[in-house]
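Undergrad: Take this sequence and fold it.
(one chain, ligands or ions: 1)
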Amino acid sequence: KTVSYSSFLPTSTAAPAAQDDGSIINLDHGDPTMYERYWQQMGDRTTVVISGWQLISYFSDVRNICWFLESAFANAIVRLHKQVGNAVTEGRHIVVGTGSTQLYQAVLYALCPENASEPMSVVSAAPFYSSYPLMTDFLKSGLYKWAGDAYKFSKDEPYIELVTSPNNPDGASRVAVVNRKQGILVHDLAYYWPQYTPISFPADHDIMLFTFSKSTGHAGTRLGWALVKDEEVAKRMTKYIELNTIGVSKDSQIRAAKILNHVADSIEHGPESKRSDNFFEFGYNLMALRWAQLRAAVHRSDLFSLPSFPSGTCRFSSHHFKPQPAFAWLKCERDIEDCEGFLRRHKILTRGGKHFGVGPEYVRISMMARDEIFDRFTDRLSMINLESHHR
Ligand code: PMP
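TA: As a prediction, the model looks like this:
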C-alpha cells in the first residue's frame with residue numbers, strides 16, 4: 001500500500017483553528033505523541049505478534065557483555081546509525097537500558113570508583129536537562145553527587161560532565177565546557193537525529209546515550225542504548241542493570257527492532273530516497289512547519305523571544321536548515337518575571353527556567369504534542385498581548 005506524502009501534513013494547520021475553548025494545554029513533558037500520526041499511517045507494517053512461549057528466558061546472548069541485549073535490536077541500531085551517519089558504532093559495545101534514564105544511572109555507577117573517599121561530582125552546562133540533578137541525587141548515593149552548572153565548576157578533582165547535544169532544553173549544539181584532565185565525558189545524544197538538527201558528522205565519543213523515545217517517538221516502549229568504547233565501562237553498566245532490573249524487556253526490544261528496521265527501510269536509498277513513507281522526512285517537515293508556526297505566533301504577540309540557530313547542511317538528508325528542536329526555549333520579555341506562572345494564567349503548562357538551572361524568565365515548551373494540541377497552543381500564544389498581561 002502506498003501512502004501519499006501530503007497525507008502526513010496536518011490538515012488543521014491549513015485553516016485557522018476553531019474558537020479556543022480555553023482548556024488547559026499541557027506542554028510541560030516531552031511526550032513525543034506527534035509521531036503517532038506517522039505510525040498510524042503505517043498500519044500493520046510494524047505490528048509485532050509475540051506468542052506465549054516466546055522470549056521467556058532472562059538471557060539473550062550469553063557471549064555478549066550485555067547478555068540481555070537482543071541481537072535483532074542490536075543489529076537494527078547499527079544499521080540505522082550507519083544509514084543516518086549520526087554515530088560511529090565500530091569498536092563500540094552496545095548496552096541496552098530501560099530508557100536512556102536507566103542508562104544514565106548505569107553510567108554514573110560504572111564511572112565512579114568503588115573506594116573513593118568523596119562522591120564524584122556530576123556537572124552539565126546550564127541550562128541542563130531538568131532530570132539530571134533529580135536522577136543524580138534521589139538515592140543519595142555515596143558514589144556521585146550533583147554539582148550543578150559545568151560553567152561554575154572550579155574544583156580540582158575528578159568529575160563527570162554530561163554533554164547534551166542538541167541540548168534539552170534550548171536545542172543548542174554543544175561541546176564539553178570544563179575540559180580538565182580528571183574529567184570523564186558522557187554524551188547524551190537523544191536529539192541527534194535529522195528531524196531536529198542537521199547531521200554534520202558521525203559522533204565518535206567514548207560514551208554516547210541514545211533513546212528510542214525521541215528518535216521514533218516510542219517513549220512508552222522504554223528503551224535506550226549506549227554506545228561504549230571501553231569494555232570495563234560496558235561491563236559495569238551491564239552489572240548495574242543486572243542488579244537494578246536483571247535485564248531489559250525482550251518484548252520491547254523485539255518491537256523496537258521491527259520499528260527501527262522499518263525506519264531503516266524507509267530511508268534505504270539514502271538522501272535521494274523520496275519514498276513517501278520516509279520517516280525522517282515526515283519528522284523534518286512536521287518540525288519545520290511547527291517552528292514556522294511558533295515563530296509567527298511569537299512575532300505576533302511581541303512578548304516573547306526564541307533562540308536563533310545557525311543553519312547547516314545535513315549530511316544525511318542534504319537539507320540546508322536551522323535546527324528545529326524538540327523543545328522551544330521561550331523567554332518572556334518586557335517586565336514578565338515569572339514566565340511559567342504567566343503562561344499558566346493563560347492555561348498553558350510549561351516548565352520554568354529554574355528546573356534547568358537558570359532564571360524564571362525562561363520556559364521550556366514541548367514541540368512534540370499531537371497536531372491539535374500544538375495548533376491550539378500557537379493560536380492561543382499569538383493572542384496573548386500586553387493588554388491581557390496587564391489586565
Ligand atoms: N536524555 C535527554 C536529554 C532527554 O531529553 C530524555 C527524555 N526527556 C532522556 C534522556 C530520557 O529518555 P528515556 O528515558 O525516555 O529514554
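
Undergrad: Quick check: neighbours of the strand or helix carrying Ile94 in the sheet, parallel or antiparallel?
TA: When elements are assigned from DSSP states H and E, Ile94 belongs to strand 93-98. Partners of strand 93-98 in the sheet, by DSSP bridges, are strand 223-228 (antiparallel).

Undergrad: quick check: mean pLDDT across the strand it pairs with?
TA: Mean pLDDT, computed over strand 223-228, is 98.

Undergrad: coming back round to it: chain center to the strand holding Ile94: distance?
TA: 16 Å (C-alpha atoms, centre = their mean, to the nearest Å).

Undergrad: With stretch 316-323 instead?
TA: Chain-centre distance of stretch 316-323: 18 Å, with C-alpha atoms, centre = their mean.

Undergrad: and what of stretch 71-80?
TA: Relative to its chain's centre, stretch 71-80 lies at 19 Å (C-alpha atoms, centre = their mean).

Undergrad: And the contacts of it?
TA: When contacts are defined by C-beta atoms under 8 Å, 6 or more residues apart in numbering, stretch 71-80 is touched by residues 60-61, 64, 89, 94, 96, 210, 223, 225, 253-254, 256-257, 260-261, 263-264. C-betas here are computed from N, CA, C, even on glycine.

Undergrad: Only the buried members of these: can you turn that into a PyMOL selection?
TA: Buried subset of the contacts of stretch 71-80, written as a PyMOL selection, criterion 16 or more other C-beta atoms under 10 Å:
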select buried, resi 60+64+89+94+96+210+223+225+253+254+256+257+260+261+263+264
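
Undergrad: Just the mean pLDDT for the helix or strand that the strand holding Ile94 is followed by, thanks.
TA: Sequence order places helix 99-111 as the next helix or strand after strand 93-98, per DSSP H and E. Looking at helix 99-111 alone, the average pLDDT works out to 98.

Undergrad: can you pull the contacts of the residue of the stretch 51-200 of the chain at minimum distance from the ligand?
TA: Closest residue of the stretch 51-200 of the chain to the ligand, C-beta to the nearest ligand atom: Gly99 (2.6 Å). By C-beta under 8 Å, 6+ apart, Gly99 lies in contact with Thr211, Phe212, Ser213, Ala219, Arg222, Leu223, Gly224.

Undergrad: Now do the contacts for the fourth one.
TA: Spelled out, that is Ala219. Neighbours of Ala219 in contact, by C-beta under 8 Å, 6+ apart: Asp31, Pro32, Gly99, Phe212, Ser213.

Undergrad: For the residues you listed, which entry has the maximal number of neighbours?
TA: Within those, most neighbours by other C-beta atoms under 10 Å means Phe212, with 28 neighbours.

Undergrad: wait, doesn't Ser266 sit right on Asn278?
TA: Yes. Using C-beta atoms under 8 Å, Ser266 is in contact with Asn278, at 5.1 Å.

Undergrad: Name the nearest of the contacts of Ala219 relative to the ligand.
TA: Nearest member of those to the ligand, counting by C-beta to the nearest ligand atom, is Gly99, at 2.6 Å.

Undergrad: quick one: the closest one from Pro310, how far?
TA: Distance from Gly99 to Pro310, counting by C-beta to C-beta, to the nearest Å: 31 Å.

Undergrad: what does the strand holding Ile94 rub up against?
TA: Here strand 93-98 makes contact (C-beta under 8 Å, 6+ apart) with 65-66, 68-70, 73-74, 77-78, 103, 106, 222-229, 231, 234, 237-238, 241, 245, 248-249, 253.

Undergrad: In ChimeraX, select just the buried ones from the residues you listed.
TA: Here is the ChimeraX command that picks out the buried ones among the contacts of strand 93-98, judged by 16+ other C-beta under 10 Å:
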select :65,66,68,69,70,73,74,77,78,103,106,222,223,224,225,226,227,228,234,237,238,241,248,249,253
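
Undergrad: among the contacts of strand 93-98, which are in reach of the ligand?
TA: Of the residues in the contacts of strand 93-98, proximity to the ligand by C-beta under 6 Å from any ligand atom holds for Gly224.

Undergrad: what's near enough to touch the residue nearest to Ser308 when sequence neighbours are not counted?
TA: Of all residues not flanking Ser308 in the chain, Lys322 sits nearest, at 7.7 Å (C-beta to C-beta, 6 or more residues apart in numbering). By C-beta under 8 Å, 6+ apart, the contact list for Lys322 reads Ser308, Phe309, Pro310, Ser311, Gly312.
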